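**Q** coords please:
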Amino acid sequence: MKIDRLVAILVTLLAKERVQAKDLAEKFEVSVRTILRDIEAINQAGIPIVTYQGANGGIGIAEGYRMDKSVLTADEMAAVISTLQGIDGAVNTRTHTVLMDKLKHSLTSPQLETLDQKLNRIVIDLSPWQDDAATREKLAVILSAIENARLLEFVYNDSAGVKTRRRVEPYSLVLKAQNWYLYAWCTLRNSFRHFRVSRLTDLAALEESFAPRQVSPQPLPDQRVLNQMGEPVELELAFIEELESIVEEFFREGIDSRRDGKIIVKTTLPENRGVLGLLLSFGAGVEVLSPPHIRKQLAEIAAEISQIYAS
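**A** Prediction:
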């Protein structure tokens, strides 16, 4: 991941007077172009980086600039590593142990002794309950393409079931509500788009590279993404009390009131097959009070299901 590489580069520059970009590229298994972008990011963060020419040239921190080598305190180190452990569990990169080795010399011996205890205070686990090798493989391909500025090509199956072949410039992976999204410039739509990773098939990284555009480093899906999944529909739902814990988990602030022993939920969701499937997953534990056309659709689906099992 980029954050651990940036910190590792900084630590390398602190430990050495100067280092060549190609050596850093080999060390972190990325292109020289990627290293130069990382160096620029460090420079923009306020640490003056200088390029020295000549036989003993290379990249180094500007002379006269002094920086405490304890870049991170024990608490800060614990926060960074806890986050990276969670990311590693989700994308299966297993880099947090390497990062700890690179950074541990920036902590004093007493700080190292308490690091494990601090790491146990907050445990972040973003991995799914069931092993999902297919998703991990997709994420690995996407991450590699992002790091090396390579175009991606895939078939995308949108929420309406329409499949289109896309060629994109990948920029970010976004984890939102336990779902991974690819944020990329789509050459078909000629604009930035979020693509749900689970809907990508025939995914391949191309040899063709691209010049990265100026984008927000961590764009997040917002209401526009929900709109791409379908037109928003206002729902009024009545759940049986036995589903209270599940209702609170799914809808939280959408719980409106209680009526005749039922939990009333008012919420807005994109109208698509996924939402119908979500409502059907509650079985007889939920009744759609409004709108009428959603009630009708669920009744028709329930009748079809009944016919299948009746035969």
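**Q** how about low-confidence regions in the stretch 151-300 of the chain?
**A** For the stretch 151-300 of the chain, the stretches flagged by pLDDT under 70 are 159, 177, 216-230.
**Q** quick one, strands of it?
**A** In the stretch 151-300 of the chain, the strands defined using DSSP state E, counting those that start in this stretch lie at 163-176, 179-186, 191-196, 200-209, 232-240, 255-259, 262-270, 286-290.
**Q** Flag every buried residue along the longest one.
**A** By neighbour count on 16 or more other Cβ atoms under 10 Å, the buried set for strand 163-176 is 166, 168-175. All C-beta atoms are positioned from the backbone trio N, CA, C, and that covers glycine.
**Q** Reformat these as a markdown table; add distance to Gly283.
**A** Output for the buried residues of strand 163-176, formatted as a markdown table (distance: Cβ to Cβ, whole Å):
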| residue | distance to Gly283 |
| --- | --- |
| Arg166 | 37 |
| Val168 | 39 |
| Glu169 | 44 |
| Pro170 | 40 |
| Tyr171 | 41 |
| Ser172 | 38 |
| Leu173 | 34 |
| Val174 | 32 |
| Leu175 | 29 |
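**Q** that older thread, tell me which of the strands of the stretch 151-300 of the chain is the most buried.
**A** Mean neighbour counts were compared across these using mean count of other Cβ atoms under 10 Å; the top stretch is strand 179-186, at a mean of 20.
**Q** Val50: which of the strands of the stretch 151-300 of the chain is closest?
**A** When these are compared by Cβ to Cβ, strand 200-209 sits nearest Val50, at 27.7 Å.
**Q** So in that sheet, which strands flank that closest one, and in what orientation?
**A** Under the criterion DSSP bridges, strand 200-209 sits next to strand 150-157 (antiparallel) in its sheet.
**Q** Using CSV, list the CA coordinates for the partner strand.
**A** Written as CSV, here are the backbone C-alpha positions of strand 150-157 (Å, rounded to 0.1, in the frame of the first residue of the first chain):
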residue,chain,number,x,y,z
ARG,A,150,-1.6,0.7,-16.1
LEU,A,151,-5.0,0.7,-17.8
LEU,A,152,-7.6,-1.9,-16.7
GLU,A,153,-10.1,-3.6,-18.9
PHE,A,154,-13.2,-5.5,-17.7
VAL,A,155,-16.8,-6.3,-18.2
TYR,A,156,-19.1,-4.5,-15.8
ASN,A,157,-22.5,-5.8,-14.8
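**Q** List the buried residues for it?
**A** So strand 150-157, judged by 16+ other Cβ under 10 Å, has buried residues 150-154, 156.
**Q** got the residues you listed as a markdown table, with distance to Ala302 columns?
**A** Output for the buried residues of strand 150-157, formatted as a markdown table (distance: Cβ to Cβ, whole Å):
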| residue | distance to Ala302 |
| --- | --- |
| Arg150 | 47 |
| Leu151 | 45 |
| Leu152 | 40 |
| Glu153 | 40 |
| Phe154 | 35 |
| Tyr156 | 30 |
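**Q** ok, Ala145 - how many residues close by?
**A** If you count neighbours by other Cβ atoms under 10 Å, Ala145 ends up with 25.
**Q** ugh, wrong one, I meant Lys22
**A** 12.
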